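Visitor: Provided below for reference: sequence and predicted model.
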Amino acid sequence: MASSPPLSGRAEIYALLTLIRDAAEDAMREYEISRVPIPSLFQPVSFSPAPSPASSPGPGPGSRGPNSTSTTSNIYHGAIPKGPGYLSTLPLKKAIRTLEAACGQLCATLAPPVHTIVNRAMPHESTALGIVAERGVADALARYPRGLHVSELSSVVGIPPQRLARLLRLLATRHCFIEVQPNVFANNHLSLMLLTASTENSIVGVYTDQVFRAASHLRDVWKDPEWAASNESTKSAFAWSVKDEIQDKTMFEWFALHPEKGERFDRAMVGFSNAAGGLAAIDAFPWHMLPRDSTVCDVGGGFGAFSLPLSKVHPHLRIVLQDLEPPIERAKKMWRAENPSYLDAGRVSFVPSDFFKETAEPGMDIYYLRYILHLWSDEDASVVLTNVRKAMAPHSRILVHDYVLQHACPNADQASHGTEVSPAPLLPNYGAGSVRGYAQDVNMMTLFNGKERTISDMRYLGERNGLEVVRVWDLAELGIVEFKLKDAP
Ligand SMILES: C[S@@+](CC[C@H](N)C(=O)[O-])C[C@H]1O[C@@H](n2cnc3c(N)ncnc32)[C@H](O)[C@@H]1O
């Protein structure tokens, strides 16, 4: 546990400035190593139609990893280019974690508290992002690198010019879009994320629509004694928000009434994974050390947002994709389009299965669960884990790929099992540099009564299901917790 005395006053500010400078240097070095130009927020970008899936680049020799541009194909970015300067590697994420933590701590230290608190309470940036993403503003600007006046843009996106200008100015003030002249706006590399074909547009849609509405009901839910006391996923704020339409169902069951929202959610998972570095595990975990034909069961794998790119980078593995029937049907189409040779060689199989009712595929080498356990309370997560444990052979491993949260104060688990310790004077959990995980924790509570977990929570969950933590792989935002059977070698 880090127990050095806290710095104060000028010493803390200078330590933060040093961290900012060092982290920015690390980030710039990563761009240089990757031969990607350092992006400019002031460089307008244009966009022409996407390459067909057949011509999109796949992993190849010399690629830097699954999050770098060279290994991404259309499903991961929704068939759009990421603009100049797009890079998302693990070293860059680590540098940005420190940079954001130090900048956040510096501003929160020196700014008048009222300034910080009022800014944090304002939800309007999210509102503006949601509207602009839904109306396709980035698409409408795509062919105009010198920008378009709101009077022309207005008729394309169906928002009155002056209202549109105000939404865009709020966003441009935070560097998403550029106001190139008064009331004339152009895309930059941030606003490109909002192109309607992009998976990031879908995650913006999910957060600013479904999640936003559900979160606004948390207060009401907690005033109802029955709902407030329940940990069931069918008694979440999301369930409350749709209770006039459907009762006692989870969000996944609600998707059956709204298949278009289910499909948007699938795409959003890819967008979220891009943001969180969800593919970093392809490089960081030693898949290449597993013998040929080792088997990986992607439990609740959706259409294979992880296992599909895994199959491209590590084709020596065999994959079994398990999920409910509708995602499995979508998965078959996705694999046919994205990795037909792997499919035709019979190296992937699709198994419709309810992980609450059925055991996983028996005797697999790896059971991989990404964004699964965090959806559920300890009781429900235990049912899923038990159904996996029953299928395990003595050598099998479970990889739980989720956030691994830390307390915001020094604690015994801070450096256990491979999690990285933040440099002083940052908060032990990297503060603002890791805030998305803590927001996701509240999001899981909102949508499913689920939760993100600390390493102690993971250990507890393992112990109550006959499993032991082997180690944690710190992936700068998400982590992988590796479990084995208790008492297995
Ligand atoms: C948050 S998504 C994660 C998908 C995928 N693992 C990924 O990382 O992109 C949760 C997945 O769990 C699946 N799921 C939900 N309830 C399930 C159940 N009872 N049995 C099997 N899969 C289920 C959903 O269909 C969805 O694909």
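Guide: Great, that's in hand.

Visitor: helix or strand right after the helix or strand of the chain with the lowest mean pLDDT?
Guide: Across the helices and strands of the chain, mean pLDDT, DSSP states H and E gives its lowest value to helix 74-77, namely a mean of 47. Moving toward the C-terminus from helix 74-77, the next helix or strand (DSSP states H and E) is helix 90-110.

Visitor: and the contacts of that following helix?
Guide: 12-13, 16-17, 19-20, 22-24, 26-27, 30-31, 65, 67, 116, 277, 280, 283-284, 422-423, 425-427, 430-435, 475-477 (Cβ atoms under 8 Å, 6 or more residues apart in numbering). No exception for glycine: its C-beta is placed from N, CA and C like everyone else's.

Visitor: which is the next helix or strand following it?
Guide: Note on helix 90-110: by DSSP H and E, the next helix or strand toward the C-terminus is helix 113-121.

Visitor: taking the mean pLDDT, what do you get for the very next helix or strand once past that next one?
Guide: Next along the chain after helix 113-121, taking DSSP H and E as the criterion, comes helix 124-134. Average pLDDT, helix 124-134: 97.

Visitor: which helices and strands does helix 124-134 pack with?
Guide: Here helix 124-134 touches helix 161-173, helix 199-206, going by 3 or more Cβ pairs under 8 Å, 6 or more residues apart in numbering; DSSP states H and E.

Visitor: which residues sit against it?
Guide: Residues from elsewhere that reach helix 124-134, judged by Cβ under 8 Å, 6+ apart: 138, 159, 167-168, 170-171, 174, 176, 194, 196, 201, 204-205, 207-209, 212.

Visitor: those, buried ones only, as a PyMOL selection?
Guide: Filtering the contacts of helix 124-134 down to the buried ones (16 or more other Cβ atoms under 10 Å) takes a single PyMOL command:
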select buried, resi 138+159+167+168+170+171+176+194+196+201+204+205+207+208+212
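
Visitor: so which of the contacts of helix 124-134 reach the ligand?
Guide: The subset of the contacts of helix 124-134 within reach of the ligand, by Cβ under 6 Å from any ligand atom, is empty.

Visitor: let's verify residue 483: helix, strand, or coil?
Guide: Recorded secondary structure, residue 483: strand (DSSP: H, G, I helix; E, B strand; the rest coil).

Visitor: I'd say it and residue 468 touch.
Guide: Yes. Counting by Cβ atoms under 8 Å, residue 468 is a contact partner of residue 483 at 6.5 Å.

Visitor: between the two, tell me which one has more neighbours.
Guide: Just comparing residue 483 and residue 468: by other Cβ atoms under 10 Å the higher neighbour count belongs to residue 483, 28 against 14.

Visitor: roughly how far apart are that one and the ligand?
Guide: In this view, residue 483 and the ligand are 17 Å apart by Cβ to the nearest ligand atom, to the nearest Å.

Visitor: what pLDDT does the model give that residue?
Guide: For residue 483, pLDDT reads 97.

Visitor: check residue 256 too.
Guide: Residue 256 carries a pLDDT value of 89.

Visitor: tell me the SS of it?
Guide: At residue 256 the chain is in helix, as set by three-state DSSP.

Visitor: circling back to that earlier point, can you tell me which of the contacts of helix 90-110 are in helices?
Guide: Residues of the contacts of helix 90-110 located in helices (DSSP state H): 12-13, 16-17, 19-20, 22-24, 26-27, 30-31, 116, 280, 283-284, 435.

Visitor: helices of the stretch 151-300 of the chain, start to end?
Guide: With helices called from DSSP state H, counting those that start in this stretch, the stretch 151-300 of the chain shows them at 161-173, 199-206, 212-215, 218-221, 225-229, 237-241, 251-254, 259-276, 280-284.

Visitor: want to throw those helices into a markdown table with distance to residue 95?
Guide: Listed next are these as a markdown table, based on distance: least, Cβ to Cβ, whole Å:
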| stretch | distance to residue 95 |
| --- | --- |
| helix 161-173 | 25 |
| helix 199-206 | 21 |
| helix 212-215 | 31 |
| helix 218-221 | 34 |
| helix 225-229 | 42 |
| helix 237-241 | 35 |
| helix 251-254 | 35 |
| helix 259-276 | 16 |
| helix 280-284 | 14 |
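
Visitor: can you count the residues close to the residue lying closest to residue 280 once chain neighbours are set aside?
Guide: By the measure of Cβ to Cβ, 6 or more residues apart in numbering, the closest residue to residue 280 outside its immediate chain neighbours is residue 475, 4.5 Å from it. By other Cβ under 10 Å, the residues close to residue 475 number 23.

Visitor: likewise residue 241?
Guide: Residues lying near residue 241 (other Cβ under 10 Å) number 24.

Visitor: pLDDT weak spots in the stretch 351-489 of the chain?
Guide: Where the stretch 351-489 of the chain drops to pLDDT under 70, the residues are 416-418.

Visitor: which residues do residue 483 and residue 468 both contact?
Guide: Taking Cβ under 8 Å, 6+ apart as the criterion, residue 483 and residue 468 both touch residue 462.

Visitor: tell me which parts of this protein are close to the ligand?
Guide: Counting by Cβ under 6 Å from any ligand atom, the positions of the chain adjacent to the ligand are 252, 269, 300-302, 305-306, 323-324, 327, 354-356, 370-372.

Visitor: any of these buried? List them.
Guide: Neighbour counting by 16+ other Cβ under 10 Å classes 252, 269, 300-302, 305-306, 323-324, 327, 355, 370-372 among these as buried.

Visitor: might one say that residue 230 is in contact with residue 445?
Guide: No. Look at residue 230 against residue 445 with Cβ under 8 Å: they stay out of range, at 11.9 Å.

Visitor: gap between the two ends of stretch 475-489?
Guide: Length of stretch 475-489, first residue to last, Cα to Cα, to the nearest Å: 26 Å.

Visitor: mind listing which of the residues of the chain next to the ligand are in helices?
Guide: Judged by DSSP H, helices contain the following of the residues of the chain next to the ligand: 252, 269, 327.

Visitor: skipping its backbone neighbours, what lies nearest the first one in space?
Guide: Put plainly, it is residue 252. Nearest residue to residue 252, sequence neighbours excluded (Cβ to Cβ, 6+ apart): residue 324, at 7.0 Å.

Visitor: identify the residues contacting that neighbour.
Guide: By Cβ under 8 Å, 6+ apart, the contact set of residue 324 is 252, 352-354.

Visitor: what are the buried residues along stretch 16-34?
Guide: Buried, per 16+ other Cβ under 10 Å, within stretch 16-34: 16, 19-20, 23-24, 26-27, 30-31, 34.

Visitor: mind putting those in JSON lines, pLDDT included?
Guide: Listed next are the buried residues of stretch 16-34 as JSON lines, based on pLDDT from 0 to 100:
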{"residue": "16", "pLDDT": "98"}
{"residue": "19", "pLDDT": "98"}
{"residue": "20", "pLDDT": "98"}
{"residue": "23", "pLDDT": "98"}
{"residue": "24", "pLDDT": "98"}
{"residue": "26", "pLDDT": "98"}
{"residue": "27", "pLDDT": "97"}
{"residue": "30", "pLDDT": "96"}
{"residue": "31", "pLDDT": "95"}
{"residue": "34", "pLDDT": "93"}
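
Visitor: closest one of the residues you listed to residue 406?
Guide: Residue 406 lies nearest to residue 19 out of the buried residues of stretch 16-34, by Cβ to Cβ, at 17.7 Å.

Visitor: brilliant, that's me finished.
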